[in-house]
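S.K.: Have a look; sequence and predicted model below, questions after that.
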Amino acid sequence: MSPLAHIVRRDLSLAFGQGGALLPLVFFMLVATLYPFAVGPDATIMGRTGGGVLWMAALLAALLPIDRLVLPDAEAGVLDQYVVRGLADEAVASAKIIAHWLSFGPPLMIAVLPAAGLLRLDGVVVMRIELGLAIGTPGLAALALATASLTAGVRGAGALAGLLMLPLAIPLLIFGAGSLAPGGSGAIKLLAATSLLLVAGAPFAAGAALRAMRE
Amino acid sequence: MKAARLAFDNVACLRGERLLFEDLSFAIEAGGAAIVVGPNGVGKSSLLRIAAGLLHHMAGLVTRDGTIAFLGEQAALDTAMPLRRALGYWAAIDGAHDSAIDAALDALAIAPLADVPVRMLSTGQRRRAGLARVMLGGARIWLLDEPGNGLDTATLDLLGDAMAAHRAGGGLILAATHQPIGMPDAQEIRL
């Protein structure tokens, strides 16, 4: 196995081992549970807005574990050890993005099924949400890691991370939720384009941030 | 395999607005060792981080021939994991065999702690665990920042033996320390 595969495996086992991966999932289900109580059980309103709410919950769920993505490894000297072994910061960042996505993307896509039941969404909408999340969550993971790298070691990192990440995540939200409207196939393509851009750009942004952190 | 070598040629280090050192030159050949000495805050750790490639130097040339193992302030081991598994992670990344872990644990007399979670280890035991991580990777160049910190005299002897064995095998060592660590023949780099 290559060193990067080991990094993915370690980060993933840490995420699940410490229960950190459970938190976004619980948050997501909480939103889906509370929403019907807040707006009432009207099937038409929930059918129209429920998909958007799930997208919003998914976006915020991706933000939750941001403080444990990079900072603990930086403080423990683990990132230094990668550098000493000649691993590029960008490669380490890519491995961490993959691990972060695996820890929340697929679990979230499974959680959509019970959540859709709570929100009384029909099968077509659920399929579109699943497709959208499959395309959009890698972008969210990439964005979360880049933000985590940029804010690691800064005081008040949590609030700062939110401010940094949300504007960049909004296109994902617009196109993701937009794909649920009738004739939303154009939005899916734009969602894919946005997600691709984030996935391609984030390792370089995160790598530069990790390098700057060492100075 | 090319012989291990570590050389600084007129290296200068700037941290923030402060010039820590300049025109620093030395070379360590395979089998050699050097000890960086000097008062606190003079740039010993920075020198080691430059040698490891973790920090940019402002001027000069740093030459590294050989793989590097770096012991910084932290052991860089997952605190929730048992010691053996935590070391196993780095062994896997370094492509080291499992027997290398046992050898390193034995060499530093921490084999009985193999199943203890890293967070339960004392300061000195954690230091030994960090040294075990350095040993098991099979790197040619050892960069050790205060390797003797928190070690009792018996363990210092073990460390001395491990360093002697490493040098005899064609490795080299650069250590920053303010206490004798059992390398009387090492060249001294005074900052």
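M.R.: Yes, it's here.
S.K.: Assign the residue nearest to the spatial centre of chain B to helix, strand or coil.
M.R.: By Cα atoms, centre = their mean, chain B has its centre lying nearest to B:Leu144, at 2.4 Å. Secondary structure state of B:Leu144, per DSSP: H, G, I helix; E, B strand; the rest coil, is strand.
S.K.: Against B:Ser45, how distant is it?
M.R.: Going from B:Leu144 to B:Ser45 by Cβ to Cβ, to the nearest Å gives 11 Å. Yep, even glycine has a C-beta here, placed from its N, CA and C like the rest.
S.K.: Can you pull the residues that touch both of those two?
M.R.: B:Ala176 (Cβ atoms under 8 Å, 6 or more residues apart in numbering or on different chains).
S.K.: Does at least one residue of stretch B:82-92 sit close to chain A?
M.R.: Yes: applying Cβ under 8 Å from any Cβ of the partner chain, one finds stretch B:82-92 touching chain A at B:89-90, B:92.
S.K.: Show me those residues that map onto helices.
M.R.: Among the residues of stretch B:82-92 next to chain A, the residues falling in helices (DSSP state H) are B:89-90, B:92.
S.K.: returning to what we had before: what about the residue nearest to the centre of chain B, distance to B:Ala175?
M.R.: Distance from B:Leu144 to B:Ala175, by Cβ to Cβ: 4 Å.
S.K.: thinking again about what came up before, of the ones in helices among the residues of stretch B:82-92 next to chain A, grab the buried ones for ChimeraX.
M.R.: Selection of the buried residues among those in ChimeraX, burial being defined by 16 or more other Cβ atoms under 10 Å in any protein chain shown:
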select /B:89,90,92
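S.K.: Between the ones in helices among the residues of stretch B:82-92 next to chain A, which sits nearest A:Gly117?
M.R.: Checking these against A:Gly117 by Cβ to Cβ gives B:Tyr89 as the nearest, at 40.4 Å.
S.K.: so B:Leu24 sits in a helix?
M.R.: No: counting by three-state DSSP, B:Leu24 is not found in a helix; it is strand.
S.K.: Return the set of residues that bridge with it.
M.R.: B:Val11 (DSSP bridges).
S.K.: wait, doesn't it sit right on B:Val11?
M.R.: Yes: the criterion here is Cβ atoms under 8 Å, and B:Leu24 meets it with B:Val11 at 4.8 Å.
S.K.: neighbours of the closest residue to chain B within chain A, just the number please.
M.R.: Closest residue of chain A to chain B, Cβ to the nearest Cβ: A:Gly77 (3.8 Å). Per other Cβ atoms under 10 Å in any protein chain shown, the neighbour tally for A:Gly77 reads 19.
S.K.: And B:Glu73, by the same measure?
M.R.: 12.
S.K.: isn't it right up against B:Leu144?
M.R.: No: assessed by Cβ under 8 Å, B:Glu73 is found out of contact with B:Leu144, at 11.4 Å.
S.K.: Identify the contacts common to B:Leu24 and B:Val11.
M.R.: By Cβ under 8 Å, 6+ apart, B:Leu24 and B:Val11 have these common neighbours: B:Gly60.
S.K.: Please tell me how far the residue of chain A most remote from its centre sits from A:Phe204.
M.R.: Largest separation from the mean C-alpha position in chain A: A:Asp42, at 30.0 Å (Cα atoms, centre = their mean). Going from A:Asp42 to A:Phe204 by Cβ to Cβ gives 46 Å.
S.K.: Check A:Gly183 too.
M.R.: 35 Å.
S.K.: Which of these two has more residues huddled nearby?
M.R.: A:Phe204 (14 against 7).
S.K.: Please tell me I have it right and that one contacts A:Ala88.
M.R.: No: using Cβ under 8 Å, A:Phe204 is not in contact with A:Ala88, being 10.3 Å away.
S.K.: Give me every residue in chain B lying close to chain A.
M.R.: Listed as neighbours of chain A in chain B under the rule Cβ under 8 Å from any Cβ: B:52-56, B:67-70, B:72-80, B:89-90, B:92-94.
S.K.: How about the contacts made by A:Ala177?
M.R.: A:51-52, A:55-56.
S.K.: pLDDT (mean, whole number) over stretch A:11-26?
M.R.: Averaging pLDDT along stretch A:11-26 gives 83.
S.K.: Same check on stretch A:194-214?
M.R.: On average, stretch A:194-214 scores 95.
S.K.: What residues of it count as buried?
M.R.: Those would be A:194-195, A:198-199, A:202-203, A:205-211, A:213, for stretch A:194-214 by 16+ other Cβ under 10 Å.
S.K.: quick one, longest helix in chain B?
M.R.: The longest helix of chain B (DSSP H) is helix B:153-168.
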